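Visitor: Output the structure for:
(3 chains)
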Amino acid sequence: MSGHDFDLAVIGSGPAGLAAAALAASRGLSTVLLDEQPEAGGQIYRAITETPVRDRHVLGPDYWHGAELLGPLRDSGAAHWPGTTVWSVARPREDGADGGRTLQIGLSRNGTAAMLTVRHVLMATGALERPFPIPGWTLPGVLGAGAAQILLKSSGLVPSGRTVLAGTGPLLWLLAWQYLRAGAALDAILDTTPRGNWRAALPLLPAFLRSPYLGKGAKLLLEVRRKVKVIDGVTDLRAEGEGKLSAIVYRQGDGAEQRLAADTLLLHQGVVPNLNLANATGCAQNWDETQRCWRPTTDDWGATSVEGVSLAGDGAGIGGALAAEHAGRVAALDVLHRLGRIDRAERDRAAVPHREALERALRGRAFLDTLYRPADIFRAPADDTIVCRCEEVTAGAVREAVRLGCSGPNQAKSFLRCGMGPCQGRLCGPTVTEVIAAERGVSPAEVGYYRLRPPVKPITLAELAALPKSAADIAAVDKH
Amino acid sequence: MASPTPAPSMSIWKPDVIVIGGGLHGCSAALHLSMRGVRVLVLEKDHVARHASGVNAGGVRQLGRDVAEVPLTVASMALWHRIGELVDDDCGFESHGQLKVAENEAELAGLEARAAALRALGFHHEEVIGQAELRDLVPAIAGHCVGALVSRGDGAAIPFRTTFAFRRKAIALGARFEEGAGVARVVRVGDVWSVETTGGDRHEAPILVNCAGAWADRIAAQLGEPAPLEVIAPMLMITARVPPFIKPVVGASGRTLSFKQFPNGTVLIGGGLLGRAVRDENRTELDFSQVSVNARTVWDLFPVMRGATIVRSWAGIEARMPDQIPVIGPSGTQPGVFHAFGFSAHGFQLGPIVGRITADLITRGGTDLPIQPFHIGRFAA
Amino acid sequence: MFRRLPDIAGDRVSFTIDGRPAEARSGDSVAAALLANGVAACRNTPVSGAARGPYCMMGVCFDCLVTIDGTGNRQGCQVRVAPGMAVETQDGKRGVER
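Guide: Residues are numbered from 1 along each chain as shown, chains lettered A, B, ... in the order given. Below you'll find the predicted structure:
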């Protein structure tokens, strides 16, 4: 057999994936860009090709920048397969007949599963919202702020009833600003940024003052604060309702409990790398103390611990959309080098402008990470709070398991089933790590993270049963 | 890695027995020894139930075992039916029988011969049933299945919970566990065994028990006896929750399958198709061409499952012996050493009894169960 | 709880929610279409029976599981609404035959 279907598969069509696929394909690698969503753009540029929101001021210029990434992709000749779910990437088998030079990707498209063979995989799997476990966060009517932003971008939907935003981080303020532009009313913003964070972040301010985000961010923040009731220093938060959200209860500082009637609560406390695929592929990961999250371990070209697998963008550590775009190009150049298209010197030379741009985009990131670090109580919540939404496991149950001898997330998972539901730990992994670490009084780095397993997204038994075995079978499947 | 288990204070407390390996068999040996007042230290290189003991299919099965194992499996089954008395936890054990279905008359004839062979040895727990009773027991079975071999007292339990329960009860009775303590070196010093851990600690005891599973050959090698185990990674997959539709555990006589539904509604599919184990990295790799074979078997035998959603698949690291039966009993070369490993992907059900056998060998110098077939000396050059 | 902005592009799409006629816009995911029609809760969990609705809208949380044209446990946020589509909210565990 010829050995492979493509030189390179890029997984995820957000800024990192779009930029990487365009660059790799334009320099001659046969490249396929795989994405679960029906259109390119990832979450940050979601629905960029077809958003029904006609007024460009609503979503803002940073959003529309995403459209500039599409032309180069089209011109590059890369194959683009939207609507394709990748459920497995298998690292090279040392004893494989192909000498371990290729990787196998398990994917699903239109209800059919297939295995794709490639020489290199570049994961650009982006970020997901950090879980925000508060009592009642599972009630209908409570959504992530990122989810609400997706509703705006892809369907032109805004909240209509009594609406409250709660949490911390740039996206919360951006969403509020977009709602204001769109003419949607907000009842309040409950800001959970711990007051002490300013002190910790202050030494990092000088770098942030040179950040491209500073000017825009400050303006946006002031506009929102002028027009919406903002309640600062929220230290306690819960959602209440019977089968549906009806009220939000909060405390400001050490103050008494306050109650707000509400139809919609939009929660946000930053984003974390979407690392399930990298983890299940066997890529080593490390705990990032500043960003309070696990990130797959990469070198400064995005190469992971698994031969033939690289990572770029927020999936490798949160840097934002612009950084992701430049990191995608840097990683693509390294792939070109690894696959013999360019020599090391050319890789290094070509990477210079992208690295400079990447550095600019990352300037001030540490300030934001420190300023918007979520409070302990919202990362490791009180006992009665559900942490695993799928299996409905509470923080208290996790703590009890620790007392019974479970020293890490994998034992807690075996013991309590937390992380065993269909979301496969995406909505509880960071919390379970933090709860166990706090209970044991050790670092999250010491307690570890779930060992994730393929399929990283559920597939049907029918798809698995029909999985083609031979290369000829695979060729027979309609992959386009 | 630190462990919530308090570290033994070595100056006061000295173990009589060191058990290497914190899987079900190590925990069971520790429990039975502790019940008799023996001081046990369990050394576990990762954490208790990290490998096969925590992630196996949980089948509690007498059905279809090698005849050499039958006396042990029958004795173990008696313990399973009173498992709560042993470990103060029901281990999620439920007994709704296990079946091995025949898809044609030839397979059914093979099952009849098997049942007859066991009857001749005086064992009556395996019986052949026809199509009508098979449909009664398993309404969802495909129409072409003609009958089955059934062991009605069999069932299933929850592996991690079970192993954890054995560990907890052993600790309650005085056993001590050190997790994250791999064994680097085993040497005989005078009348005692000196065990050096990868962390540099040294422990001594007159008796050593090797329950190191897929790593047990390395311990045996230090004792100068070959244990030609193969490191394997049996694969499993599990579905999202569906309403209860099947009680017994179902296997097939012509294909590799273990199929059962947990009380929570999830359906576990396995049976022993292999991925790849990388034991030095504590890692397994799945082989989806083999997972697919398993899925096709379910497609054929349980048509109602065709739309089911698979949410996860995984593999555990196990030891398989060339003759597919375990190593149980005293060392062939060294005094004060006992083995219990190499259960070849069917050791879970034997956990309760093998721990007792090991305790019998240590405290009474013998056992009333026939363990000669499992002697490690069968592999001696 | 969610309303459509005025001056929005996209064709109207007719579909049903538990048999009742409903309207969405082309490009809507099923989950978005449910929210636009005032349906905040789309299933009861198989664990406790608690009501759940769309939470992440990007395919990671699995709280928007619904039955679409007879197939259960589909992620509503990952499927586009289509003319004539029959969307059903889910109660607990889906039968294996669905």
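Visitor: Tell me the residues of the stretch 51-200 of chain B that contact chain A?
Guide: Contact residues, the stretch 51-200 of chain B versus chain A (Cβ under 8 Å from any Cβ of the partner chain): B:54-55, B:160-161, B:164, B:167-168, B:179. (C-beta placed from N, C-alpha, C; glycine too.)
Visitor: ok, the nearest residue to residue A:167 once chain neighbours are set aside - contacts?
Guide: Spatial nearest neighbour of residue A:167, chain neighbours left out: residue A:268 (4.1 Å); criterion: Cβ to Cβ, 6 or more residues apart in numbering or on different chains. Under the criterion of Cβ atoms under 8 Å, 6 or more residues apart in numbering or on different chains, the contact partners of residue A:268 comprise A:129, A:132, A:144-146, A:165-169, A:171-172, A:175.
Visitor: now do residue B:194
Guide: B:186-188, B:202-204.
Visitor: For chain A, state which of these is nearest.
Guide: If you rank these by distance to chain A using Cβ to the nearest Cβ, residue B:203 comes first, at 20.2 Å.
Visitor: Would you double-check that that closest one falls in a helix?
Guide: No - according to DSSP: H, G, I helix; E, B strand; the rest coil, residue B:203 belongs to no helix; its state is strand.
Visitor: Just list whatever residues bridge to the residue lying closest to it once chain neighbours are set aside.
Guide: Using Cβ to Cβ, 6+ apart and skipping residues adjacent in sequence, the residue nearest residue B:203 is residue B:195, 4.9 Å away. Legend: beta-bridge partners of residue B:195 under DSSP bridges are residue B:186, residue B:203.
Visitor: and the stretch 201-350 of chain A, which of its residues are near chain C?
Guide: Counting by Cβ under 8 Å from any Cβ, the stretch 201-350 of chain A sits next to chain C at A:243-245, A:263-264, A:274.
Visitor: Of those residues, which belong to strands?
Guide: residue A:264 (DSSP state E).
Visitor: Any of the residues of the stretch 201-350 of chain A next to chain C buried? List them.
Guide: Neighbour-count burial (16 or more other Cβ atoms under 10 Å in any protein chain shown) is assigned, among these, to A:245, A:263-264, A:274.
Visitor: With pLDDT and distance to residue B:271 added, can I get those in JSON lines?
Guide: Below are these laid out as JSON lines (pLDDT from 0 to 100; distance: Cβ to Cβ, whole Å):
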{"residue": "A:245", "pLDDT": "98", "distance to residue B:271": "46"}
{"residue": "A:263", "pLDDT": "98", "distance to residue B:271": "50"}
{"residue": "A:264", "pLDDT": "98", "distance to residue B:271": "48"}
{"residue": "A:274", "pLDDT": "97", "distance to residue B:271": "33"}
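Visitor: quick one: least confident helix or strand in chain C?
Guide: strand C:90-91 (a mean of 86; mean pLDDT, DSSP states H and E).
Visitor: Walk me through which strands it pairs with, and which way each runs.
Guide: strand C:43-44 (parallel).
Visitor: related to what we said a few turns ago, max pairwise distance over the residues of the stretch 51-200 of chain B next to chain A: which two?
Guide: Farthest pair in those (Cβ to Cβ) is B:55 and B:168. Separation: 19.0 Å.
Visitor: Pretty sure residue B:40 sits against residue B:167.
Guide: No - taking Cβ atoms under 8 Å as the definition, residue B:40 is not a contact partner of residue B:167, at 11.2 Å.
Visitor: Now name the helix or strand holding residue B:149.
Guide: If you go by DSSP states H and E, residue B:149 is part of strand B:147-151.
Visitor: Report the contact partners of residue 326.
Guide: Chain wasn't specified; assuming chain A. Contacts of residue A:326 by Cβ under 8 Å, 6+ apart are A:19, A:354-355, A:357-358, A:361.
Visitor: My question was about chain B, not that one.
Guide: Taking Cβ under 8 Å, 6+ apart, one finds B:340-344, B:347, B:350, B:354, B:374 in contact with residue B:326.
Visitor: that older thread, as JSON lines, the residues of the stretch 51-200 of chain B next to chain A with neighbour count would be great.
Guide: Conversion of those to JSON lines gives the following (neighbours: other Cβ atoms under 10 Å in any protein chain shown):
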{"residue": "B:54", "neighbour count": "26"}
{"residue": "B:55", "neighbour count": "21"}
{"residue": "B:160", "neighbour count": "24"}
{"residue": "B:161", "neighbour count": "20"}
{"residue": "B:164", "neighbour count": "27"}
{"residue": "B:167", "neighbour count": "30"}
{"residue": "B:168", "neighbour count": "20"}
{"residue": "B:179", "neighbour count": "22"}
